[in-house]
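Visitor: have a look at this prediction, sequence included:
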Amino acid sequence: MIGILRRRTELGLIVLGAVIIGSAYTLAALGRTSSLPADIGPFLGVVLGLFVAAHIATRKLAPGADGLLLPIAALLNGLGYVMIARLDEAAPKPRGLAAAQAGWTVIGIGTFIVTLLVVRRVRDLQRYRYTFLLLGLLLLMAPLVPGIGREVNGARIWAYLGPLSFQPGEFAKVVLAVFFASYLVEKRELLGMATFPRFRPVLPDPKHLGPVLLAWMFSILIMTAEKDLGSSLLFFALFMLLVWVATERSAYLGVGGVLFAGAAFFTYKTFNHVHDRVQNWLDPWAHKATTGFQVIQSWFAMAWGGVVGTGLGLGEPRRIPVVETDFIFAAIAEEMGLLGAVAVIAAYVLLVGCGLRIAVRAEAPFEKLLAAGLTILIGVQSFIIMAGVTRLLPLTGVTLPFLSYGGSSLVANYVLLALLIRVSHDSAQRAGEVDA
Amino acid sequence: MNRQLRRLGVGLLACYLALFAMVNWVQVFHAGYLNNHPDNVRKIVRDFDQPRGQIISADGAVLAKSVPSAPGDPFTLQRQYPEGDLFGHITGYLNINFGATGVEAQYNDELSGHAVAQEYETLRDLFVDRTHTADVTLTVRKDLQQAARDALGDRKGSVVVMDPRDGSILALWSFPSYDPNLLSTHDAKGAQDVKAFLEANADQPLRGRTWQERFFPGSTFKIVTGSVGLESGKVTPDDPAFPRESAYKPPDSDKTIGNFGGEVCGGRLFEILRESCNSAFARMGAEVIGPAAMKAGAASFGFNDTPPIDLPAAVRSVFPDSNSPAIIGQASIGQNNTQATPLQMALVTAAVANGGIMMTPHVMQQIRDDNGKVIETYTPKPWRTPISPQTAATMRQAMIGVVQGGTGTAARISGVEVGGKTGTAELNDTGSQSEAWFTCFAGPPGATPTVVVTVLVENQPGASEGTGGRVAAPIARQLVEQVLAIQAGG
């Protein structure tokens, strides 16, 4: 019964989301061309069709799952599409990003359904943990392999397989989150006990800490080599927070903090691009025409939006370099104002809230940790990019989940969403809220 | 694990709250600053190709206007600057790609009809979509601007003419200048090329040297040192009598501060100002006044602060922050790290002329909307009060002495009370190149002076204390005569 209610809520919210997306699409067209979009009917049909398909899949495959996750993701995905379409249309040379993003949304939702189909029980994933580790590391390394990897805009995070190009790091995040969760579940008792060194134990046995520490250091090193600051930061946070949650020992947080400070200082001193980012955070005006340009343009855009925004299609967000991916939040803040920006922030807070609620409700430690890890990925990634765009923190380029342009990011986040929904359903089933 | 998960939730929520606060700050509390920032072109883009008021000189010449574009132009209105480079720095340009400068940027809201006073003039305006553009009338006169340009010729330099009584700028010329028409063209490529060409020029013609560039003020800075000495009470017209010497040796350095040509000079305030005696003024700043009081005194004259002129991107003048008598000694005669804009030296002179009150410099006189109704008139206001009326009166007499029988005799005008100070700043150790300064006030004898003129001629061959008096003072005299004639006629 509860399952049915949740699904009805989900459907209702999806319809509401589709109305919002359709309105935004109409407004953006009015703002740009002063005429109603000719394809508003088909557009609404496709939006509704896609998300209702995802809804039906949850209804069939995970009927007990939380009903908020999918509508929020759909709303963000749809708003992102409207923004991308509007931005690409205004570009000096439109690159067809809107069509590409639409295609990726279809693939993303397809992957979402397939993930729900394939992963029937979350705990099955635990069995393949070392496969996941291997897969994760391979994905991470792919951009460094000559012939496959390629450097774009200073970061080496792309892989090319024939006609297909993607960012393997986006998928590595999800895969490694699964590995961390399963490994930590197995070793959490051991990691929670201090047995080393023998004469005055302060650390857990290196035998247990070793593998996971290695995996983590390896990931960080690779991402440093790829100059992917944002992902390095994200991994650091994911790993430290998961170890802390798993072992219930706050000391790990302290150690993590010290390690982080050390690593941050070292990279700041060693790597020019890190140094630039920090300098531009402290004082972007000093390099306003070069490295500080982007953040300053982002601020100008947000300030121009004010409280209510310029209106969709009526701002000048194209003045921000790479606005479709990393800086889409600034474009939203300009055209939808403080109200739109806060709505987006609230959407991510809700996603995080749902994710953590799923983690708390889950009974099995693995499910708990997995849900926590996936939530940390979404919550921390969204925070660090929005904080970078608003200059709350130094800028580290990552995508804004579901909103930014980018196929890999979108598809990986739909996999992530499916896994969260799966955990949520498993808990509901265990609680007897839906039939087994 | 649930306790940790809840704490994690609280932690993440705290992060998002910080983000929420930051978004509020950028989009609401800091937005006004960002929207008006000179690097932000959004306002210019919004107002581009919309009706826009004229910029008019005090003597009625149209300096900027919008006319219908040539056929085939994608925009309907073209901004024109009939006076070309004569007012280039003051009016600025208007370009959809790189924004606006000068008065076009400073008074963009008024010219385009976005100032609050214009938007809702009548209740009816609330309901009809009609904006009142406005014309901005400047205090700057075309005839004086032209005279300054003719007098300076093709020498790099600056001329500032202002009224010390209300801070209004009557002329603000610097060479080289640029023609804003070339940068306001709708030919994006052409404008870009011109901009790149001008920016590549080592003389920076796009920058108004009068208020956007700093120079060594040399001996003109002695007006500040003398005033600070008088104000502190440690210097009076009679005391101290500075030793007659060819160089001053500071207590903390072996490097002496010498007079031009190794001349021996010294004596009391009026005498040392008349002869522009380096050793005496260095000793006054370093020992009689002392570093702390000298720094505070320079700051009271507006050094290390940006003058609140109503033109964008003004730069501050600087006085070194040091407690070393050797450095403060050099700084007190306008060397070391003392640097000033020509505008700043005009303000210093104006403060002495105006009884110790330095008025806020401004170029806007009046703003009238498209119905001819005055919507704003500039209200003169003081910027700083660096010295008392008594100090100002004494300093004024000392500066009159410079023109009567000192280094500034070239600026003497019969029947007019002129007081000034010369300056020659060496640009290199060999003394082969220097900057010639002259700054002065003038007016009817006994009354408050009605005009201040500051002239800087750059890159003059040779360096002697006579250079400023010989090169710059005649230009100043010519402008003083013309201003006084205009004031007598008006």
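Guide: Yes, it's here.

Visitor: wait, a helix at residue A:101?
Guide: Yes: when DSSP: H, G, I helix; E, B strand; the rest coil is applied, residue A:101 is found to be in a helix.

Visitor: so what's the residue of the stretch 151-300 of chain A found nearest chain B up against?
Guide: Nearest residue of the stretch 151-300 of chain A to chain B (Cβ to the nearest Cβ) works out as residue A:245 at 4.3 Å. (Each C-beta comes from the backbone N, C-alpha and C, glycine too.) By Cβ atoms under 8 Å, 6 or more residues apart in numbering or on different chains, residue A:245 lies in contact with A:368-369, A:372, B:1, B:4-5, B:8.

Visitor: filter the residues you listed down to the ones in helices?
Guide: Secondary structure defined by DSSP state H assigns A:368-369, A:372, B:4-5, B:8 of those to helices.

Visitor: that older thread, compare the contacts of residue A:245 and tell me which has the most neighbours.
Guide: Using other Cβ atoms under 10 Å in any protein chain shown as the neighbour criterion, residue A:372 leads the contacts of residue A:245 with 30 neighbours.

Visitor: right, and that one touches residue A:360 too?
Guide: No: using Cβ atoms under 8 Å as the test, residue A:372 is too far from residue A:360 to be in contact (9.0 Å).

Visitor: give me the common contacts of these two.
Guide: residue B:5.

Visitor: can you check the pLDDT for the residue in chain B positioned nearest to chain A?
Guide: Nearest residue of chain B to chain A, counting by Cβ to the nearest Cβ: residue B:34, 3.5 Å away. According to the prediction, residue B:34 has pLDDT 92.

Visitor: for it, give its distance to residue B:101.
Guide: 18 Å (Cβ to Cβ, to the nearest Å).

Visitor: which SSE is immediately downstream of the helix or strand residue A:181 falls within?
Guide: Assigned by DSSP states H and E, residue A:181 falls within helix A:168-192. The helix or strand immediately downstream of helix A:168-192 is helix A:206-225, counting by DSSP H and E.

Visitor: tell me how far the helix or strand that that following helix is followed by lies from the chain's centre.
Guide: Once helix A:206-225 ends, the next helix or strand along the chain (criterion: DSSP H and E) is helix A:229-247. With Cα atoms, centre = their mean, to the nearest Å as the basis, helix A:229-247 stands 14 Å off its chain's centre.

Visitor: go on, stretch A:142-152?
Guide: Distance, centroid of stretch A:142-152 to centroid of chain: 22 Å (Cα atoms, centre = their mean).

Visitor: identify each buried residue in it, please.
Guide: A:142-143, A:149 (16 or more other Cβ atoms under 10 Å in any protein chain shown).

Visitor: and residue B:421, how far is that from residue B:282?
Guide: Taken as Cβ to Cβ, the span from residue B:421 to residue B:282 is 16 Å.

Visitor: return the helix or strand in the chain with minimum mean pLDDT.
Guide: Chain wasn't specified; assuming chain A. The weakest-scoring helix or strand in chain A, judged by mean pLDDT, DSSP states H and E, is helix A:206-225 (a mean of 71).

Visitor: the intended chain is chain B.
Guide: Result, chain B / mean pLDDT, DSSP H and E: helix B:116-119, a mean of 63.

Visitor: host element of residue B:375?
Guide: strand B:374-377.

Visitor: which other helices and strands does the next helix or strand after the least confident helix or strand of chain B contact?
Guide: The C-terminal neighbour of helix B:116-119 among helices and strands, as given by DSSP H and E, is strand B:134-138. Applying 3 or more Cβ pairs under 8 Å, 6 or more residues apart in numbering or on different chains; DSSP states H and E, one finds that strand B:134-138 contacts strand B:55-56, helix B:108-112, strand B:364-369.

Visitor: Provide the secondary structure category for the closest residue to chain B within the stretch 301-436 of chain A.
Guide: As assessed by Cβ to the nearest Cβ, chain B sits closest to residue A:303 within the stretch 301-436 of chain A, at 3.5 Å. Three-state call for residue A:303 (three-state DSSP): helix.

Visitor: if we go by neighbour counts, what in stretch B:394-406 is buried?
Guide: B:394-396, B:398-403, B:406.

Visitor: among those, show me the least confident.
Guide: residue B:406 (89).

Visitor: enumerate every residue touching residue 433.
Guide: Assuming you mean chain A. So, once contact is read as Cβ under 8 Å, 6+ apart, residue A:433 ends up touching A:1-3, A:64.

Visitor: I was after chain B.
Guide: B:426-427, B:459-461, B:463.

Visitor: I'd like these laid out as a markdown table, including pLDDT, neighbour count and secondary structure.
Guide: Listed next are these as a markdown table, based on pLDDT from 0 to 100; neighbours: other Cβ atoms under 10 Å in any protein chain shown; DSSP: H, G, I helix; E, B strand; the rest coil:
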| residue | pLDDT | neighbour count | secondary structure |
| --- | --- | --- | --- |
| B:426 | 80 | 19 | strand |
| B:427 | 76 | 16 | coil |
| B:459 | 88 | 12 | strand |
| B:460 | 85 | 22 | strand |
| B:461 | 82 | 9 | strand |
| B:463 | 63 | 23 | coil |
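
Visitor: circling back: residue B:34 and residue B:101: which is more packed in?
Guide: residue B:101 (26 against 19).

Visitor: rewinding a little: neighbour count for residue B:421 and residue B:282, which is higher?
Guide: The neighbour count for residue B:421 versus residue B:282, taken as other Cβ under 10 Å, is higher for residue B:421 (36 against 30).

Visitor: sorry, back to before: so what's the residue of the stretch 151-300 of chain A closest to chain B closest to, chain neighbours aside?
Guide: residue B:4 (4.3 Å; Cβ to Cβ, 6 or more residues apart in numbering or on different chains).
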